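*Asks:* sharing a sequence plus its predicted fold:
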Amino acid sequence: MADLLIHSMSEFADIIVPALEVAGAREIVEIGAEFGGMSQVLADIADAHGGRLTSIDPAPKKEFLDWVATRPGVRHVATLSLDAIDGQRDVDAWIVDGDHNWYTVYNELKQIRACSRRDGKPMLVFLHDVAWPCARRDLYYAPDQIPADFRHPHDWDSGMVPGFAGLVPGRGFRGCGQFAAALHEGGPKNGVMTAIDDFLAEALAEGEEYAFAEVPAVFGLGVLFAMDAPWSQAVAEIVLPYHDNALIRRLEENRLANYLTVVDIQDGFGDWSQAARAGDR
């Protein structure tokens, strides 16, 4: 069933690649490699500009490990992002697609900001999973790695359905043991988009303004960049036509609804929206 649902950040290559080009990105850091689909795109860009791709992922898939073994110019850092970001130097662009929860993403952004200040590099960050289901709900691949004060009650087996803040046992969009989802959507310190909102508010309070655009497809792409960067206008011209585009958002909603309906048919249930209504009672 997973093959029916496109989910890779590489689907955004037609947006990310031109943005990296106009920003003159040479040194690129990727957080979260998984199978390496996006890694291959980023490595080619870095190579073409005489730079390097660094991929941070403590447990990528075998396909990535097989590929990276053939690319001596790509550096794989097999550790958690929050333990590795500070060690990166002179990074031109960051691709963030790791653990999809408030604590991780908020602190990744804070550390990236610190690195950008230290190295005198304008901040350019592409973040995946800024839309449903992770926008306002934490997902955890390894809950024990999140401090207890920032870890929401969660479940490994129940699923998420659009428009329902809780979880539905054994139904909906679920990790089937691969990830756990917070029991409730919304509220403070919950979800990727909430982490971005909190980071931007904190930066603004400290006198720094960043531009942010969201492409509401394939679980959502966020593009965050320094407004005073010499290339900021060129990046904005690339991403703004897609920002919060109503047609794209409707297509994504339809895509997910169709997928969840197929999942329920496979599971022997009826319409997923009926499950959501039942759970809401």
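*Replies:* Received the coordinates, thanks. Numbers count the residues shown, from 1 in each chain.

*Asks:* tell me the contacts of the nearest residue to residue 11 once chain neighbours are set aside?
*Replies:* In this structure, residue 11 finds its nearest non-sequential neighbour in residue 218, 4.7 Å apart by C-beta to C-beta, 6 or more residues apart in numbering. To be clear about C-beta, it is placed using only N, CA and C from the backbone, and glycine gets the same treatment. By C-beta atoms under 8 Å, 6 or more residues apart in numbering, the contact set of residue 218 is 6, 7, 8, 9, 11, 12, 252.

*Asks:* and with 10 Å instead?
*Replies:* By C-beta atoms under 10 Å, 6 or more residues apart in numbering, the residues touching residue 218 are 5-12, 128-129, 131, 248, 252, 255.

*Asks:* for residue 20, same thing?
*Replies:* 13, 26, 28, 41-42, 45-46, 49, 92-93, 95, 124, 126, 231, 235, 238.

*Asks:* quick one, domains of the protein?
*Replies:* With domains defined by automatic domain parsing, the chain comprises 8-136+189-244, 138-185+250-281.

*Asks:* mean pLDDT added to the ones you listed, as TSV?
*Replies:* Below are the domains of the chain laid out as TSV (pLDDT from 0 to 100):
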stretch	mean pLDDT
domain 8-136+189-244	97
domain 138-185+250-281	87
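
*Asks:* okay, which residue is most central for the chain?
*Replies:* When C-alpha atoms, centre = their mean is applied to the chain, the residue found nearest the centroid is residue 128 (2.3 Å).

*Asks:* hang on, isn't that one packed against residue 38?
*Replies:* Yes - under the criterion of C-beta atoms under 10 Å, residue 128 makes contact with residue 38 at 8.8 Å.

*Asks:* what's the neighbour count on the residue nearest to residue 198 when sequence neighbours are not counted?
*Replies:* Of all residues not flanking residue 198 in the chain, residue 106 sits nearest, at 5.9 Å (C-beta to C-beta, 6+ apart). By the other C-beta atoms under 10 Å criterion, the neighbourhood of residue 106 contains 20 residues.

*Asks:* what's the answer for residue 158, then?
*Replies:* 19.

*Asks:* re the thing from before, out of the domains of the chain, deepest packed?
*Replies:* Of these, the one with the most neighbours on average (mean count of other C-beta atoms under 10 Å) is domain 8-136+189-244, at a mean of 19.

*Asks:* so what's the gap between the lengthiest helix in the chain and the chain middle?
*Replies:* When the chain is parsed with DSSP state H, its longest helix is helix 246-267. Its chain's C-alpha centre and that of helix 246-267 lie 19 Å apart, by C-alpha atoms, centre = their mean, to the nearest Å.

*Asks:* now residue 132. Nearest residue, chain neighbours left out?
*Replies:* residue 162 (5.9 Å).

*Asks:* tell me where the stretch 151-281 of the chain has helices.
*Replies:* Taking DSSP state H, counting those that start in this stretch to define them, one finds helices in the stretch 151-281 of the chain at 192-205, 232-239, 246-267, 272-280.

*Asks:* let's have the ones you listed in JSON lines, adding distance to residue 65.
*Replies:* As requested, those are arranged in JSON lines below (distance: least, C-beta to C-beta, whole Å):
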{"stretch": "helix 192-205", "distance to residue 65": "26"}
{"stretch": "helix 232-239", "distance to residue 65": "32"}
{"stretch": "helix 246-267", "distance to residue 65": "29"}
{"stretch": "helix 272-280", "distance to residue 65": "36"}
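
*Asks:* can you name the residues that contact the spatially closest residue to residue 59 that is not a sequence neighbour?
*Replies:* When the adjacent residues along the chain are set aside, residue 59 lies closest to residue 78, with 7.8 Å between them (C-beta to C-beta, 6+ apart). Contacts for residue 78 (C-beta under 10 Å, 6+ apart) come out as 33, 55, 56, 57, 58, 59, 60, 65, 84.
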